Each structure stands twice: as structure tokens, then as C-alpha cells.
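Visitor: output the structure for:
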Amino acid sequence: MRFSAARPAHAVRSYVRSKRPKGRSHGKTPAVAPSSYSTEFDLTQNPMVEDGFWHFAPSYWQAMRTSGGLCYGVGATSDYEDCVAIRSGINSTRQFVRVVLRKDGTYTPAGTHEAQIVLFGGFAAGPIITAYEFLFSAGGTFQCMRWRGGPGSGFFSSITGTDHNGGISTSYVDDMEFYATAQIVSGNPYLELYQDDVLKFSATDSHADKVTSGQPGMAAFYRPEVNAADFPKFCWKSFACGTF
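Guide: Below is the predicted model of the structure:
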């Protein structure tokens, strides 16, 4: 089923709201990666480990960390080597991510912080990463991007989509909720993004470089001038993912 503005993903939203992380703070690791997952980042870890099924590519991409109920990147970028974490166990062509934003407006410069949702993500040979990204900038911008390549300014491409219900409100506030979906429709990735339960953006990617499989995750980006103490001021408070 393709979600629509008239029929938002209530089942998905009810499920992820009902889930609470259980046992993660006690170091329990399941033998097999679960097919759904939720967390409120109640551990202090650098890099983030939780249940053991977060994956990074540390030789090429930076990691994510958790502290104080927040998840954010470990470092600023020198050549677009974003901080990226991708889950195992949800390699589905119908997947969702739900996140809750933390915004503390006391940092400068505001436009240098990005919190990102990742869908159909994967690390390939060497530095190559493939994914779709929903990018939220503390400076008040939103973009949908395709990732295919290694670190540097050439690995990402902007995707043009359709705004719904006035489009994304980029006046981001604390506790704003987003959930994103990705699925394959007629051979092409179809993406939707909801903001506080309202459909705001959709896109179909028919480009030759389209990404047709992968796993959900999250990412962050900071320009070199950002003070590391400001990383947690625009980041994620919770994360849930699964299939639909």
C-alpha cells in the first residue's frame, strides 16, 4: 500500500509510539538482528552500539554517538564524510523511519548543523555508500538526496519531488516528529516524508543511479567551524524503524 495524505501511516505511527527500548541499557544483544527497532538513546556510547546491530564504515565515514537521550555525530567534516549509522535486519523494499527532533537554538552558526534520515542505506566496497537521505538543516532548509559514491562533494545528488500540504515547515522546533517511508513502485523507489503526522513531501526516483534496496538509519553533518559542544543541539531524540 502506498501511503497518501488522505490515509497517513497510522498503523506505523501507532506501532512506533507504543515501542519502548527494553534491555538496551543492560547490554543484552539478540543473536539475530530484529526486523523492527526503536530506541530513545538511553546509553552513553561513542560510537553508538546499543544492541550491536548498528553499522558504520569508520575508514571512510564517521560514526554516530549517544549521550543524555540524544543521538548525534562524532565529528565535523573535512570532505563531506558525514556521520552515518545503518541498521541490520531490515533489508526490505518497504521500510520506514520515525524520529523526534531535538532543537536548542543557542548555537552558532545555525546553518552548519544537519540531522538526516537514511532509507535504503548500505555500505559497499571500500568507501562507497548508497542511500536516500532526508536532510534537515538547523539553518532552516530541507532537501531529499540520493547518495552513491565515496566521501567528497560528488557522492550526493538532489532529488526533485512534490510538496504536499504546504511542504516541509523549516521553522524547526524541539520535539517535532518526522517519519519517512521508502518502497519500490513499478520498479522505482518511491519516497514519502511526514512532519507531525501530515504528508509534506513525496518523490519517485527513476534515475539510472536509483537505489532499490538497503536498510534504514540516520546521519549527521557539521561543518569544520562548528564547536563539538554544539553537536547535540540539533539532533535526534528517538529513532524507530521497520517494514510495512
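Visitor: which parts of the chain are helices?
Guide: 10-18 (DSSP state H).
Visitor: pLDDT wise, what is Lys237 at?
Guide: What the model reports as pLDDT for Lys237 is 98.
Visitor: check the one 5 residues further on too.
Guide: On pLDDT, Gly242 comes in at 96.
Visitor: show me what the residue nearest the centre of the chain bridges to in the sheet.
Guide: For the chain, the residue nearest the mean C-alpha position is Ile117 (1.8 Å; C-alpha atoms, centre = their mean). Taking DSSP bridges as the rule, Ile117 bridges to Phe134, Met218.
Visitor: Glu133 is in contact with that one, correct?
Guide: Yes. Under the criterion of C-beta atoms under 8 Å, Ile117 makes contact with Glu133 at 7.0 Å. (C-beta placed from N, C-alpha, C; glycine too.)
Visitor: give me the spatial nearest neighbour of Ala115, chain neighbours excluded.
Guide: Phe136 (5.1 Å; C-beta to C-beta, 6 or more residues apart in numbering).
Visitor: cool, and Tyr72?
Guide: Nearest to Tyr72 is Cys235, by C-beta to C-beta, 6+ apart, at 3.8 Å.
Visitor: what do you get for Tyr172?
Guide: That would be Lys103: by C-beta to C-beta, 6+ apart, it lies 5.3 Å from Tyr172.
Visitor: next one: Ser36
Guide: Gly242 (3.3 Å).
Visitor: measure the one you found to Ser88 for me?
Guide: Applying C-beta to C-beta, to the nearest Å, the value for Gly242 to Ser88 is 13 Å.
Visitor: same check on Ala228?
Guide: In terms of C-beta to C-beta, Ala228 sits 28 Å off from Ser88.
Visitor: neighbour count for the two, which is higher?
Guide: It is Ser88, of Ala228 and Ser88, that has more neighbours when counted by other C-beta atoms under 10 Å, with 16 against 12.
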